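>>> Here's a sequence, model it:
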Amino acid sequence: MNTKVRTQLSVMMFLEFFIWGSWFVTMGTFLGNNIGASSGQTAMAFSTQSWGAILAPFVIGLIADRYFNAERILGILHLLGAALLYLMYCSSSFDVFYPYVLGYMILFMPTLALVNSVAFNQMKDPTKEFSFVRVFGTLGWIVAGLIISYAFHWDSPSGISEGMLKNTYLMAAISSAILGVFSFTLPKNPPKVDTSKKVSFSQMLGLDALKLLGDKNFLVFFVSSILICIPLAFYYQNANPFLVEVGLQNPTGMMTIGQISEILFMLLLPYFFKKFGFKNTILIAMLAWTLRYFLFAYGNAGEFTFLLILGIGLHGICYDFFFVSGQIYTDSKAGETYKSAAQGLITLATYGIGMLIGFWVAGKITDMYLNVDGSHGWDTIWIYPAGFAFLVFLLFAVLFKNEKIAYKS
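All right, here's what the predicted structure looks like:
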């Protein structure tokens with residue numbers, strides 16, 4: 001892969017996750033503080049990510065893989081997304097905002113697979129080359145958070161009270177338009193499926209990967225993946241509003257500590273994987289989720305600020321040790337026949353089913369502990385996902401049988 005192509009792919013990844021990080025992190029705070037949405041309505045808005053993940057295989061399997069170049073579809077989706085992000089920027093009520101965010105996430109979630117597809121198609125050895133391109137995506141998310149908190153102060157108390165958080169959607173809209181245009185300059189990625197050959201509907205959607213559920217260990221992992229995403233949804237939906245409410249300075253910028261730790265633990269993952277094995281690595285991730293929520297329950301923006309920082313910093317272990325390890329495990333179980341379909345199946349289980357349930361549960365529990373003055377009983381709210389993550393830990397520890405998985409570094 002030459003320098004020009006590597007640079008193009010790195011810019012693509014940077015913009016892809018810069019766009020997502022520009023508005024998704026602060027959406028809960030924006031909805032609650034600026035357009036008067038309830039926790040239940042906020043849960044509905046976050047669950048659009050799950051609906052997008054559920055519908056993504058239709059876009060990829062029926063369109064991208066069969067009829068049009070991946071980079072062209074990527075460009076069109078981001079140009080349409082830019083228009084919807086601008087409409088979200090102009091929204092002043094939840095009833096107006098919700099259809100736009102739903103439409104946007106249905107367009108955006110397929111692009112996560114498309115950018116990977118575009119990158120993989122240009123690489124001779126993705127196991128060695130992909131991580132050096134993908135890391136720019138994490139950097140894009142970090143930069144977005146730093147800009148919101150430290151450059152424009154949109155998430156400061158005065159910024160929130162003045163309604164400046166809506167500017168995050170404008171920033172995302174401009175970035176999406178840039179990536180939309182830039183996508184048409186990317187290397188060509190024509191469809192590889194021979195449309196003259198008869199293929200079943202289930203094959204197009206990757207449903208053949210469901211055969212993997214016949215393996216007891218994979219079934220335990222699949223169910224655990226759904227269940228662990230229920231407490232994960234609490235973080236995505238509630239972390240920023242929680243940090244704002246307790247008075248942590250520059251909350252969005254502080255949350256980028258999680259992405260910085262993600263880079264660190266991505267580098268440490270091969271060591272843990274080889275030293276402790278797949279099962280123990282997954283169990284470490286589940287315990288980290290439990291610990292994170294206990295730290296949030298007992299932390300504050302005063303003398304126990306360090307507990308909040310530690311909780312945010314555990315994101316690298318929570319995300320990398322579970323999701324990346326899970327992708328490696330899934331790849332090893334699937335073999336050559338179902339590689340892509342199997343990864344899509346796990347994405348459907350986690351970002352789709354698991355988080356869809358999780359966002360609904362998080363909204364219900366958050367509303368249960370809403371005080372009359374508009375504040376929340378966060379110390380109690382965070383105990384729920386902590387306890388649930390620990391139950392999933394016990395389930396996986398008992399039911400999953402140890403097996404050796406080859407890790408390609």
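>>> mind listing the helices for the stretch 251-400 of the chain?
Secondary structure of the stretch 251-400 of the chain (DSSP state H, counting those that start in this stretch): helices at 251-298, 305-313, 315-319, 325-334, 339-347, 355-368, 378-381, 383-399.
>>> What of the stretch 1-150 of the chain?
3-23, 27-34, 39-59, 70-90, 94-120, 126-146.
>>> Mind giving me the packing neighbours of the first one?
When contacts are defined as 3 or more C-beta pairs under 8 Å, 6 or more residues apart in numbering; DSSP states H and E, helix 3-23 packs onto helix 70-90, helix 94-120, helix 126-146, helix 167-183. Backbone N, C-alpha and C define where each C-beta goes, glycine included.
>>> cool, and the third one?
Other helices and strands packing on helix 39-59, by 3+ C-beta pairs under 8 Å, 6+ apart, are helix 27-34, helix 94-120, helix 216-246, helix 339-347, helix 355-368.
>>> who wins for proximity to Pro157 among the ones you listed?
Proximity to Pro157 (C-beta to C-beta) singles out helix 216-246 among the helices and strands packed on helix 39-59, at 8.1 Å.
>>> Just give the nearest non-adjacent residue to Ser92, would you?
Closest residue in space to Ser92, ignoring its immediate chain neighbours: Ile35 at 6.3 Å, by C-beta to C-beta, 6 or more residues apart in numbering.
>>> Could you report the distance from that neighbour to Pro157?
As judged by C-beta to C-beta, to the nearest Å, Ile35 and Pro157 stand 18 Å apart.
>>> the more surrounded of these two?
Set Ile35 next to Pro157 and count neighbours by other C-beta atoms under 10 Å: Ile35 wins out with 18 against 12.
>>> distance of that one from Met27?
Ile35 is 11 Å from Met27, by C-beta to C-beta.
>>> Touching both of these two, which residues are there?
Counting by C-beta atoms under 8 Å, 6 or more residues apart in numbering, Ile35 and Met27 have no contacts in common.
>>> Centroid-nearest residue for the chain?
Computing the C-alpha centroid of the chain and ranking residues by C-alpha atoms, centre = their mean puts Tyr351 first, at 7.2 Å.
>>> Let me see the contact set for the nearest residue to it once chain neighbours are set aside.
Closest residue in space to Tyr351, ignoring its immediate chain neighbours: Ala53 at 3.8 Å, by C-beta to C-beta, 6+ apart. By C-beta under 8 Å, 6+ apart, the contact list for Ala53 reads 109, 347-348, 350-352, 355.
>>> Turn those into CSV, including distance to Ile230 and pLDDT.
Shown next, in CSV, are the contacts of Ala53 (distance: C-beta to C-beta, whole Å; pLDDT from 0 to 100):
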residue, distance to Ile230, pLDDT
Met109, 19, 90
Thr347, 16, 79
Leu348, 15, 82
Thr350, 10, 88
Tyr351, 13, 88
Gly352, 13, 89
Met355, 8, 93
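>>> what's the farthest-apart pair in these?
Within the contacts of Ala53, Met109 and Thr350 form the most distant pair, 12.1 Å apart (C-beta to C-beta).
>>> Who has more neighbours out of those two?
A direct count of neighbours by other C-beta under 10 Å for Met109 and Thr350 places Met109 higher, at 27 against 22.
>>> show me what contacts the more buried one?
49, 52-53, 55-56, 351.
>>> mind checking how far it is from Arg6?
Distance, Met109 to Arg6, using C-beta to C-beta: 26 Å.
>>> How about Asn240?
33 Å.
>>> Show me which of the two is the more surrounded one.
Neighbours of Asn240 and Arg6, each counted by other C-beta under 10 Å, are more numerous for Asn240; the result is 26 against 17.
>>> Just to check, that one is in contact with Val25?
Yes. With contact defined as C-beta atoms under 8 Å, Asn240 and Val25 form a contacting pair (5.5 Å).
>>> Mutual contacts of the two, please.
252, 255.
>>> Could you pull up the residues touching Thr111?
With C-beta under 8 Å, 6+ apart, Thr111 has these contacts: 16, 74, 77-78, 81.
>>> ok, so of the residues you listed, who is nearest Met44?
The nearest one, if we look at those relative to Met44 and count by C-beta to C-beta, is Gly81, at 19.4 Å.
>>> List the contacts of the closest one.
By C-beta under 8 Å, 6+ apart, the contact list for Gly81 reads 19, 104, 107-108, 111, 176, 180.
>>> out of these, which is most surrounded?
The residue in these with the most neighbours, by other C-beta under 10 Å, is Ser176 (30 neighbours).
>>> still on that earlier bit, of all the helices and strands packed on helix 3-23, which one is nearest Phe272?
Proximity of those to Phe272 was assessed by C-beta to C-beta; the nearest stretch is helix 126-146, lying at 15.6 Å.
>>> Quick check: next helix or strand after that closest one?
helix 157-161 (DSSP states H and E).
>>> distance of Phe14 from Gly354?
27 Å.
>>> I'd assumed Trp378 was in contact with Ile365.
No. The pair Ile365 / Trp378 is not scored as a contact, 11.0 Å apart, by C-beta under 8 Å.
>>> Find the residue closest to Phe30 in space, skipping its chain neighbours.
The spatially closest residue to Phe30, leaving aside those adjacent along the chain, is Leu165, at 4.3 Å (C-beta to C-beta, 6+ apart).
>>> what's the spacing between that neighbour and Ser332?
Separation of Leu165 from Ser332 (C-beta to C-beta) stands at 43 Å.
>>> between those two, who's got more neighbours?
A direct count of neighbours by other C-beta under 10 Å for Leu165 and Ser332 places Leu165 higher, at 25 against 17.
>>> The more buried one reaches Asn34, doesn't it?
Yes. Look at Leu165 against Asn34 with C-beta under 8 Å: they come within range, at 5.9 Å.
>>> mind showing which ranges of the stretch 201-350 of the chain have poor pLDDT?
Scanning the stretch 201-350 of the chain for pLDDT under 70 picks out the ranges 201-208, 335-341, 343.
>>> picking that back up, contacts only, for the residue nearest to Phe30.
26, 29-30, 33-34, 154-155, 159.
>>> any idea how far it lies from Leu102?
Leu165 sits 20 Å away from Leu102, taking C-beta to C-beta as the criterion.
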